[in-house]
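Visitor: only geometry, no sequence info:
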């Protein structure tokens, strides 16, 4: 037996009258509320129709892009991979790039992702992205950059947009919170502007941390109080139904399936992308990263924060920096390929705490030498499985600029870092088709003119 068209329409109306449900149990509960008379039907009716119910309604919960923060702890040389320019944009070249690690006038520029990158083998981040993603995925991947200053090697930079994204409704179907690789209020190295303990990501140090976060009890937290009370009254009135052995067994089987589904070692696509086997260490970085990626891309959890450490590679040689940049690029490429295979829109914020400078040389241009707060930037990446993301202005891939002194101009709208997270959030909402909602979540942060100025996508 299937739900009739009329029943589904009434169910949808019931959803619209309540806070947007974000978990499977929420959907089931609200469905039962809409059709309380069905509680008298055999339990097999509910079991057999749950999938049809979810398929019909669940799509609204994943319409927004998956959101990741890639936190490069230590102050990576992003400007040595992504071209920074003067007031006219990324291709308005500075007089000199003597301390920025490459020579744009001599090196090949790569525009395949929109924003120019150091081509010809110079950018190891670009090399890593290309290594780990398919041509089909790359075709629908676009990048934008923000030039700004930030405190080097510091946990005080309010750069992460994760909490703003969470506050706008980004919650998982089974784990409403974000997942982060550090036990901090932002899940990473940099902090976020809201700094709310209630939004603190779950700290993921091993795959078991994700598995342990899957539970029925916390899944009703996303419902408003009226809905919660309705659920409790319904359960109280139908105790015998909820003690039914068939229903309990169905829930148990669903839980088993859910736990298996978040294990990347059991997903062939994830195993291929992250080079995993069933024997891969539960606590290894690739299992943790792939587990978080899987949970976020499949909307099991809220946003994901992936921290890559040891990015302060200003130790007087090129090899360490190139190796770390390659690692960063590979992680970006893996996320891109996973989003492509799962056909999910995705937005990535790549941030770092401060920057560094290279030794001035005509030959050894990528010898990173020391910290520099002014040589910082944030990178935004957008992927759409259906069509390449569009820029609001085809000539604009950069917000802010670097001065002729080869550092970020602090007086620009995002130059002093205090509003970086809001600028990223605005671009996320715009990419999501929801830029008209920005003022609801960040009132008074930007004027109408300033908001337009910070938008790339």
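Guide: Thanks, I have it. Quantities reported herein were computed from a predicted structural model and do not represent experimental measurements. Numbers count the residues shown, from 1 in each chain.
Visitor: how much space between residue 157 and residue 75?
Guide: According to C-beta to C-beta, to the nearest Å, residue 157 stands 10 Å off from residue 75. Every residue, glycine included, has its C-beta placed from N, CA and C.
Visitor: shared neighbours of the two, anything?
Guide: Common neighbours of residue 157 and residue 75, counting by C-beta atoms under 8 Å, 6 or more residues apart in numbering, are 150, 353, 354.
Visitor: in these, which residue is surrounded by the most others?
Guide: Comparing these on neighbour count, residue 353 comes out first with 29 neighbours (neighbours: other C-beta atoms under 10 Å).
Visitor: how near is it to residue 204?
Guide: Taking C-beta to C-beta as the measure, residue 353 falls 21 Å from residue 204.
Visitor: kindly report the same for residue 280.
Guide: To residue 204, residue 280 is 15 Å away according to C-beta to C-beta.
Visitor: so where's the stretch 201-350 of the chain shaky on pLDDT?
Guide: Low-confidence segments of the stretch 201-350 of the chain, defined by pLDDT under 70, are located at 215-261.
Visitor: and the helices in it, which stretches?
Guide: 207-213, 225-237, 239-242, 245-261, 268-274, 285-297, 318-342 (DSSP state H, counting those that start in this stretch).
Visitor: so which residue is smack in the middle of this structure?
Guide: For the chain, the residue lying nearest the average C-alpha position, counting by C-alpha atoms, centre = their mean, turns out to be residue 68 (1.6 Å).
Visitor: between the shared contacts of residue 157 and residue 75, which is closest to residue 391?
Guide: The shortest approach to residue 391 among the shared contacts of residue 157 and residue 75 belongs to residue 150, at 24.7 Å (C-beta to C-beta).
Visitor: wait, that closest one sits on residue 353?
Guide: Yes - applying C-beta atoms under 8 Å as the test, residue 150 and residue 353 come out as touching, 5.7 Å apart.
Visitor: need the overlap of contacts for these two.
Guide: Shared contacts of residue 150 and residue 353, defined by C-beta under 8 Å, 6+ apart, comprise 75, 157, 159, 376.
Visitor: quick one: which of these has the most company?
Guide: Each of the shared contacts of residue 150 and residue 353 was scored for neighbours by other C-beta under 10 Å, and residue 376 scores highest at 31 neighbours.
Visitor: bridged to it, which residues?
Guide: Beta-bridge pairing of residue 376, defined through DSSP bridges, involves residue 148.
Visitor: I figured it hits residue 76, correct?
Guide: No - using C-beta under 8 Å as the test, residue 376 is too far from residue 76 to be in contact (9.2 Å).
Visitor: which neighbours do the two share?
Guide: Contact criterion C-beta under 8 Å, 6+ apart; residues shared by residue 376 and residue 76: 352, 355.
Visitor: of the shared contacts of residue 157 and residue 75, closest to residue 303?
Guide: Top of the list for closeness to residue 303, among these and by C-beta to C-beta, is residue 353 at 19.2 Å.
Visitor: pretty sure the closest one sits against residue 149.
Guide: No - at 11.0 Å, residue 353 does not count as touching residue 149 under the criterion of C-beta under 8 Å.
Visitor: contact partners for the residue nearest to residue 368 when sequence neighbours are not counted?
Guide: Nearest non-adjacent residue to residue 368, counting by C-beta to C-beta, 6 or more residues apart in numbering: residue 314, 4.0 Å away. When the contact criterion is C-beta under 8 Å, 6+ apart, the partners of residue 314 are 321, 356, 357, 368, 369, 370, 371.
Visitor: ok, now residue 270?
Guide: Applying C-beta under 8 Å, 6+ apart to residue 270 gives the contacts 264, 276, 290, 293, 294, 338.
Visitor: make CSV out of the residues you listed and add distance to residue 197.
Guide: What follows is these, written out as CSV (distance: C-beta to C-beta, whole Å):
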residue, distance to residue 197
264, 29
276, 33
290, 28
293, 25
294, 26
338, 30
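Visitor: dump those residues into TSV; add neighbour count and distance to residue 400 as well.
Guide: As requested, the contacts of residue 270 are arranged in TSV below (neighbours: other C-beta atoms under 10 Å; distance: C-beta to C-beta, whole Å):
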residue	neighbour count	distance to residue 400
264	26	37
276	22	39
290	26	34
293	26	29
294	25	34
338	27	30
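Visitor: of all these, which comes closest to residue 416?
Guide: Minimum separation from residue 416 among the contacts of residue 270 (C-beta to C-beta) is found for residue 293, which lies at 32.1 Å.
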